[in-house]
Structures are given as C-alpha cells and as structure tokens.
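Novice: pasting the sequence and the predicted coordinates here, then a few questions.
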Amino acid sequence: MAGMTGKEFEAINRRMASLAGHLLPAQGAGNPSASIALSNCSAQFDDTYHRVHGDVPSHIPEWKPALDESGKEFIDIIYEKAVGEGIAKITINRPERRNAFRPQTVKELMRAFNDARDDNSIGVIIFTGKGTKAFCSGGDQSFRGKEGYADYDSFGRLNVLDLQVQIRRLPKPVIAMVAGYAVGGGHVLHMVCDLTIAAENAVFGQTGPKVGSFDAGFGASIMSRLLERLEEETIKWCREINRNSPMAVRLCKSAVNAADDGHLGLQQIGGDATLLFYGTEEGSEGKNSYLARRKPDFSRFPRLP
Ligand SMILES: CC(C)(COP(=O)(O)OP(=O)(O)OC[C@H]1O[C@@H](n2cnc3c(N)ncnc32)[C@H](O)[C@@H]1OP(=O)(O)O)[C@@H](O)C(=O)NCCC(=O)NCCSC(=O)c1cc(O)c2ccccc2c1O
C-alpha cells in the first residue's frame, strides 16, 4: 500500500466499508473474522426493512449466451445474460494466457459493455475472467509493438484506455468478480469497476514496470477480500442492486465518481439532470412550443425556493 495517495486510500476505504455493510450484521462490522459466510445474515434480522424486502437469494441464475446488435460471434469473451433477471456477465475467455487482453479482446469487451448499457432490462453487469487462475493479466505482451498493441492490422493502439473510460462512465453498476491475478492492465480494469468481489486466491498489483510499461492513469492500488462463494456472493449483490430504483442507482454512480472525475464528472451528472428534466412537463413545454412554432409558456411552472 506504500505510495498510495489520500484519494486512493479513501476509494479503498469506501469500497471496504460498503463490503462490510453488505456482509456483516451491524454489531459485527468491526470484526473482519466475521466477514465470511454471512451471506444469509439478513435472515437473522427481525426489523421492518427485512420484513418488507426479504432475503436476497444467492443461487446462480440460468445464464444464456448473448450477442450485440451486430450479431457477430465473440471470440475472446463470453457474453451472457441471466434468464429473467437484469444481470449481464462479461467474461474474458483467454485462460491459457491468464486472460491477457489483445486489441480484439478489448473491442469485443467494448461491444458487450455497450450492449449491456443499451439493454434496458439489464440493471447491473458482472465483469470477470474465465477460470480461477486470473481475472486478467493485463495487455498481451506478445501483441505489443512500438505503437501499442496490434493484432489483425498493422498499427498498434492502447484501446484499453477507451474501455476504462467506458466502464467508468457506464450509467449502471459494474462489479468485478476476481479470482486469481488481477495485475497490470487487468488490475486497472478492476479498479474502474464500481465494486470488486474477490476470491480467496485473488492477487492484485501493478506489474507494468517489470515488463517496461506503466499505467499513469487509473492504475493505482491494491485491495483483496476473503470470500468463499464468489459467484453466489456476486449474484447476491447484483440482485440487491437490482431491487433499487434504477434512476437512483444511476445517479449514485454519477455522484460517487463526480468529484474524482472533475469536469467529466460534472458533465455526467449534468447529463443526468438533463435526462430527468426531459421527463418533466416544463421540459416538454420548451420542445412542444418549438415544434408548434409558438412562444413557450413557462409561466405555470413554479420558481421553487
Ligand atoms: C499473471 C502471472 C503472474 C501468472 O503467472 P502464472 O505462473 O500463473 O502463469 P504463467 O506466467 O505461466 O502464464 C501462463 C501463460 O500465459 C501467458 N501470459 C500471462 N500473462 C500474459 C501477458 N500479460 N501477456 C502475454 N502472455 C501472458 C504466459 O506467457 C504463459 O504462456 P505459456 O505459453 O508460457 O503457457 C504472470 O503470467 C505474469 O506476470 N504475467 C504478465 C503480467 C504483466 O506484466 N502484464 C502486462 C502489464 S502492462 C499492461 O497490462 C498494460 C496494458 C495496456 O494496454 C496499457 C495501456 C496504457 C497504459 C498502460 C498499459 C499497461 O500497463
């Protein structure tokens, strides 16, 4: 953890606090040893919240393969949606390379994330790697040239930077489900997710300088957490998130990132305000008057104190 900035510590503390809040009964929140196998702890509660909302089940759903609008098969990733539930799962499928990404992988990830964003039945996205040895070991070094990473064409690129921004800006929660190594560019990918659920064997770190690379952008810090039933726990989080108001979840994600993202954060949260305004009569009066070629009449809308 040496060399971490105050902001990075804050970000980790926020995540740890939110994990503790999910896993532990309030009275046990300070005791890390109580953090395992408490996924059904809500059953012990006898309060109005739990009577109204009930337990969050953690059984694994039925996954169905998904495509994006191009209909093109995915080669480097597996894209699935849970039948009857608003959960998408995107898996890097290169376990023989510890799920290192090449440009093709990144392009496919971007297509899948885009589809999950646009599918209004999806409320939350799981991002993971195939197998238990690695979430992702970063950029595939055998595809690295002088201009970045290149596969089917001659020019290189650092297109994972676009993917990082896409995940960060995506207006739905993205949960990294990590088993094994999340290193180099793979470490950054988990860091740009909204939440990380980690298996006991998870290893986090920046390896870039060892292979003559570095991420001076989102790449930052280390976090790990003990959890036995990784997918069940992740699904439980997804179901709990999906019980909430979609617009509230969207705005919470914007708000959490706004300060760190500066002007871009402001743009995102400002865009959300515009989106909400479009749904009001006041907003519609502007559009309707323009289309009807008349002066807008905003006089009936209050100037709230
Ligand atoms: C991840 C490991 C610690 C795993 O070790 P383990 O012993 O379990 O497995 P092996 O080492 O035997 O690996 C099995 C197999 O996979 C190949 N492989 C693994 N990772 C990669 C990789 N990143 N690229 C290419 N190939 C990989 C490995 O060679 C083996 O192949 P065989 O043919 O021999 O079976 C360990 O594998 C490891 O340390 N891997 C390298 C981690 C690494 O340094 N990653 C790259 C960091 S740089 C980066 O990711 C990066 C990418 C970007 O696009 C950027 C863009 C902009 C800024 C910065 C960027 C950036 O830093």
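Specialist: Arrived safely.

Novice: ranges for the helices of the stretch 101-250 of the chain?
Specialist: Here the stretch 101-250 of the chain has its helices, by DSSP state H, counting those that start in this stretch, at 103-118, 160-169, 185-191, 230-242, 246-278.

Novice: near the ligand, which residues of the stretch 51-200 of the chain are found?
Specialist: 97-98, 100, 133-134, 137-142, 149, 158, 160-161, 181, 183-185 (Cβ under 6 Å from any ligand atom). (C-beta placed from N, C-alpha, C; glycine too.)

Novice: could you break the protein into its assigned domains?
Specialist: For the chain, automatic domain parsing gives the domain ranges 6-29+36-244, 252-291.

Novice: can you give me the strands for this structure?
Specialist: Under the criterion DSSP state E, the chain contains strands at 63-65, 77-82, 87-92, 124-129, 134-136, 144-145, 148-149, 174-178, 181-183, 195-198, 203-205.

Novice: put together a markdown table for those, with mean pLDDT on each row.
Specialist: Below are the strands of the chain laid out as a markdown table (pLDDT from 0 to 100):
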| stretch | mean pLDDT |
| --- | --- |
| strand 63-65 | 98 |
| strand 77-82 | 98 |
| strand 87-92 | 98 |
| strand 124-129 | 98 |
| strand 134-136 | 98 |
| strand 144-145 | 90 |
| strand 148-149 | 90 |
| strand 174-178 | 97 |
| strand 181-183 | 96 |
| strand 195-198 | 94 |
| strand 203-205 | 89 |
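
Novice: please identify the most buried of those strands.
Specialist: strand 134-136 (a mean of 29; mean count of other Cβ atoms under 10 Å).

Novice: does Asp68 touch Phe113 like I think?
Specialist: No: between Asp68 and Phe113 there is no contact under Cβ atoms under 8 Å: 9.5 Å.

Novice: got any ranges where this structure has weak pLDDT?
Specialist: Counting by pLDDT under 70, the chain shows low-confidence ranges at 1-43, 216-217, 219-226, 228.

Novice: in it, which residue is closest to the centre?
Specialist: Val174 (1.8 Å; Cα atoms, centre = their mean).

Novice: how about the contacts made by that one?
Specialist: Contacts for Val174 were tallied using Cβ atoms under 8 Å, 6 or more residues apart in numbering; they are 113, 124-127, 167, 193-195.

Novice: re earlier: tell me which of the helices of the stretch 101-250 of the chain lies nearest to Phe204.
Specialist: helix 185-191 (5.6 Å; Cβ to Cβ).

Novice: could I get the CA-only coordinates of the closest one as PDB?
Specialist: This file holds the C-alpha atoms of helix 185-191, laid out as PDB (Å, rounded to 0.1, in the frame of the first residue of the first chain):
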ATOM      1  CA  GLY A 185      -3.800  -3.500 -17.100                       C
ATOM      2  CA  GLY A 186      -6.100  -6.200 -15.500                       C
ATOM      3  CA  HIS A 187      -5.600  -4.500 -12.100                       C
ATOM      4  CA  VAL A 188      -6.700  -1.200 -13.600                       C
ATOM      5  CA  LEU A 189      -9.800  -2.900 -15.100                       C
ATOM      6  CA  HIS A 190     -11.000  -4.000 -11.700                       C
ATOM      7  CA  MET A 191     -10.200  -0.500 -10.300                       C
END
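
Novice: quick revisit: need the domains of the chain in JSON lines (columns: distance to Ser299).
Specialist: Output for those, formatted as JSON lines (distance: least, Cβ to Cβ, whole Å):
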{"stretch": "domain 6-29+36-244", "distance to Ser299": "34"}
{"stretch": "domain 252-291", "distance to Ser299": "10"}
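
Novice: go through these and pick out the most buried.
Specialist: domain 6-29+36-244 (a mean of 18).

Novice: hmm, Phe135 is touching Ala202, no?
Specialist: Yes: with contact defined as Cβ under 8 Å, Phe135 reaches Ala202; the gap is 7.4 Å.

Novice: identify the contacts common to the two.
Specialist: 178-180, 182.

Novice: tell me the one of the residues you listed nearest the ligand?
Specialist: Gly180 (7.6 Å; Cβ to the nearest ligand atom).

Novice: what's the closest one in contact with, if anything?
Specialist: 98, 129, 131-135, 199, 201-203.

Novice: at 10 Å what do you get?
Specialist: Applying Cβ atoms under 10 Å, 6 or more residues apart in numbering to Gly180 gives the contacts 95, 98-99, 129, 131-137, 186, 198-199, 201-203.

Novice: what's the answer for Tyr79, then?
Specialist: Tyr79 sits in contact with 63, 65-68, 73, 88-91, 93, 108-109, 111-113, 115-116, where contact means Cβ under 10 Å, 6+ apart.

Novice: nothing else from me, thank you.
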